[in-house]
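Chemist: pasting the structure only:
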Ligand SMILES: Nc1ncnc2c1ncn2[C@@H]1O[C@H](COP(=O)(O)OP(=O)(O)OP(=O)(O)O)[C@@H](O)[C@H]1O
């Protein structure tokens, strides 16, 4: 479960560079909820994820995970319960370590363990089984360097890594944006599969309006640090990409030509 209450984040307060990234966001996700987050550039999407992960300290407001107030808890202390996958396939793993080593490290995330026990044979067998089960076709390459994989394969493994430790919250920050369409669809399919299998609570930032409407159970639209739209169920099912565009146009009072939002 994730809850943010009246979350405000202001960067460089009181200086000429002051920027109000979040202006009072309140949002509650129950266990197993899968929320797609959309918004124009600078809307505050990554800042919201950063505040939940513990990378950014709120100016005011609260963050709760599983009912506990974690507002002041550092990111390392939350890492057992919160996993995050970034846009850059290289961001979540170490290219010089083998695939198995990366996976073993991910499996021990948030635990006070040394590296070597993480590579125990029993643990490796479990990891191999997971890779096989997900049909990633990488089970015979576990000894190869992570850096030898394609961007799509590496991002798929980043997702698997994010779900190896017993996290209940998965934060996805445009995690398919750097992939070609075929790999993006594969990674999205894997995302849905893992989220359902482990009953994860997911916040997925996307620039694709189609994905924002098709993936997950709820769509939240941010604009200039505020929630502009929060829809689920029949209301969401009845929305079209054109409806989303209209919302943006109304909020901004201008055309979206220069924006990175994708209608596909
Ligand atoms: N560390 C920082 N210092 C100063 N300003 C920041 C910092 N991080 C973000 N901002 C500003 O806060 C606002 C929200 O940024 P954020 O990255 O959350 O937006 P976003 O919705 O993820 O945008 P995009 O879609 O472009 O990635 C922007 O105006 C950004 O310039």
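Modeler: Ah, there it is. Source: prediction; values computed, not measured.
Chemist: For the protein, give the helix that spans the most residues.
Modeler: The longest helix of the chain (DSSP state H) is helix 181-197.
Chemist: can you list the residues that contact it?
Modeler: 34, 134, 150-152, 155-156, 159-160, 163, 170, 172, 175-177, 179, 200, 202, 204, 211, 215 (C-beta atoms under 8 Å, 6 or more residues apart in numbering). (Each C-beta comes from the backbone N, C-alpha and C, glycine too.)
Chemist: Could you do stretch 79-90 as well?
Modeler: 49, 52-54, 65-66, 92, 109-111, 151-152, 154-155, 158-159, 161-163, 165-175, 177-179.
Chemist: Sort out for me which of the residues you listed are in strands.
Modeler: 65, 169, 170, 171, 172, 173 (DSSP state E).
Chemist: Of these - the most surrounded one?
Modeler: residue 172 (28 neighbours; other C-beta atoms under 10 Å).
Chemist: Tell me where this protein has strands.
Modeler: Assigned strands in the chain, in chain order: 2-11, 19-29, 34-39, 60-65, 68-69, 82-85, 169-173, 201-205, 218-223, 226-232 (criterion: DSSP E).
Chemist: out of the ones you listed, nearest to residue 146?
Modeler: Closest approach to residue 146 among the strands of the chain (C-beta to C-beta): strand 82-85, 14.5 Å.
Chemist: Let me see the contact set for the residue positioned nearest the centre of the chain.
Modeler: Nearest residue to the geometric centre of the chain (C-alpha atoms, centre = their mean): residue 172, 1.3 Å. Counting by C-beta under 8 Å, 6+ apart, residue 172 touches 84, 85, 191, 202, 203, 204, 205.
Chemist: With neighbour count, pLDDT and distance to the ligand added, can I get those in a markdown table?
Modeler: Shown next, in a markdown table, are the contacts of residue 172 (neighbours: other C-beta atoms under 10 Å; pLDDT from 0 to 100; distance: C-beta to the nearest ligand atom, whole Å):
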| residue | neighbour count | pLDDT | distance to the ligand |
| --- | --- | --- | --- |
| 84 | 24 | 92 | 13 |
| 85 | 24 | 94 | 15 |
| 191 | 26 | 95 | 19 |
| 202 | 24 | 97 | 17 |
| 203 | 25 | 97 | 12 |
| 204 | 25 | 98 | 13 |
| 205 | 24 | 97 | 7 |
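Chemist: For residue 76, state which of those is nearest.
Modeler: residue 84 (12.7 Å).
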